[in-house]
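Peer 1: Kindly generate the corresponding structure for this input.
(chains A and B)
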Amino acid sequence: EVQLLESGGGSVQPGESLRLSCAASGFTFSDYGMTWVRQAPGKGLEWVSTIRDNGANTHYADSVEGRFTISRDNSKNTLYLQMNSLRVEDTALYFCVKDNGPGYDWFGLWGQGTLVTVSS
Amino acid sequence: VMTQTQLSSPVTLGQPASISCRSSQSLVHSDGNTYVNWLHQRPGQPPRLLIYKISNRVSGVPDRFSASGAGTDFTLKISRVEAEDVGVYYCMQATHLPRTFGQGTKLEIK
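Peer 2: Numbering: from 1, shown residues only, chains lettered A, B, ... in the order given. Next up is the predicted model:
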């Protein structure tokens, strides 16, 4: 089955860290760029970070630059997001998304999301 | 920046609906394609891709959904709204990094 399954979310205090994971299956993971998108409660979609298919290039939203690190392990078909120095405004549902690659239905596969809550 | 229009009021079942999306920059990729997508999100669900590359329906999307546009202006149309179409619609662009999303347009049924 073609799917993305996120894990690692939780409730933390400001300044703490979390590491999100996204396990991919059903497609050739190493052929695709991958992206994290987040959605704060009751709000719209916000792009967070993208990594190239081979992991050589990474890009970040200004709001997370220097605090978050995206990475991937193509041997394990897994995407990661290391989140440090978390802030209250990072509270959101974090989605893992299949981005650019073979075919043109980029953003056609989303995980169910993992919830990150940052609160004192 | 992607700016979407809002629907003025709940839409009557069976009536058409149209959502516009305008980009602050050209969305034509260096490969000649324009990577503008439309997504639909129901409450409690992840977004679902409806349309990719301006006007291409994803397999399984009803043909009452159509989309068009070029350059910086894009439109999603629903020819006859059905109850299952409720939710929030987002335009987005995957031509450039950062990827950007419209603010969302909520479709409610009257």
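Peer 1: Now do the contacts for the residue nearest the centre of chain A.
Peer 2: Nearest to the mean C-alpha position of chain A, by CA atoms, centre = their mean, lies residue A:36 at 3.0 Å. For residue A:36, the contact set (CB atoms under 8 Å, 6 or more residues apart in numbering or on different chains) comprises A:20, A:22, A:48-50, A:70, A:79, A:81, A:94-97. Where you see a C-beta, it was placed from the backbone N, CA and C, and this is true even at glycine.
Peer 1: for residue A:24, same thing?
Peer 2: Residue A:24 neighbours (CB under 8 Å, 6+ apart): A:3-4, A:34, A:77-79, A:96, A:98.
Peer 1: who in chain A is up against chain B?
Peer 2: A:35, A:37, A:44-47, A:50, A:59, A:61, A:95, A:99-100, A:104-108, A:110-113 (CB under 8 Å from any CB of the partner chain).
Peer 1: List only buried entries from those residues.
Peer 2: The neighbour count (16 or more other CB atoms under 10 Å in any protein chain shown) marks A:35, A:37, A:45-47, A:50, A:59, A:61, A:95, A:99-100, A:105-108, A:110-111, A:113 as buried among the residues of chain A next to chain B.
Peer 1: Show the pLDDT at the closest residue to residue B:110 other than its chain neighbours.
Peer 2: Counting by CB to CB, 6 or more residues apart in numbering or on different chains, residue B:110 lies nearest to residue B:10, which is 3.8 Å off, once chain neighbours are set aside. Among the per-residue scores, residue B:10 shows a pLDDT of 92.
Peer 1: Give me the neighbour count for residue B:10.
Peer 2: 13 (other CB atoms under 10 Å in any protein chain shown).
Peer 1: ditto for the one 5 residues further on
Peer 2: A count of nearby residues for residue B:15, using other CB under 10 Å, gives 12.
Peer 1: Once you drop chain neighbours, what's closest to it?
Peer 2: For residue B:15, the closest residue by CB to CB, 6+ apart turns out to be residue B:81, at 5.8 Å.
Peer 1: Same question for residue B:23.
Peer 2: residue B:72 is the one closest to residue B:23 (CB to CB, 6+ apart), at 4.5 Å.
Peer 1: what does residue B:53 give?
Peer 2: Per CB to CB, 6+ apart, closest to residue B:53 is residue A:104, 5.3 Å.
Peer 1: Equivalent analysis for residue B:94, please.
Peer 2: Nearest to residue B:94 is residue B:35, by CB to CB, 6+ apart, at 4.0 Å.
Peer 1: check contacts around the one you found.
Peer 2: Per CB under 8 Å, 6+ apart, neighbours of residue B:35: A:104, A:106, B:27, B:29, B:52-53, B:93-95.
Peer 1: what's the spacing between it and residue B:88?
Peer 2: 21 Å (CB to CB, to the nearest Å).
Peer 1: Residue A:97 now?
Peer 2: Residue A:97 sits 17 Å away from residue B:88, going by CB to CB.
Peer 1: wait, residue B:96 sits on residue B:26?
Peer 2: No - in this structure, residue B:96 is not within contact of residue B:26 by CB atoms under 8 Å, at 9.3 Å.
Peer 1: Work out which residue lies at the spatial centre of chain B.
Peer 2: residue B:38 (3.3 Å).
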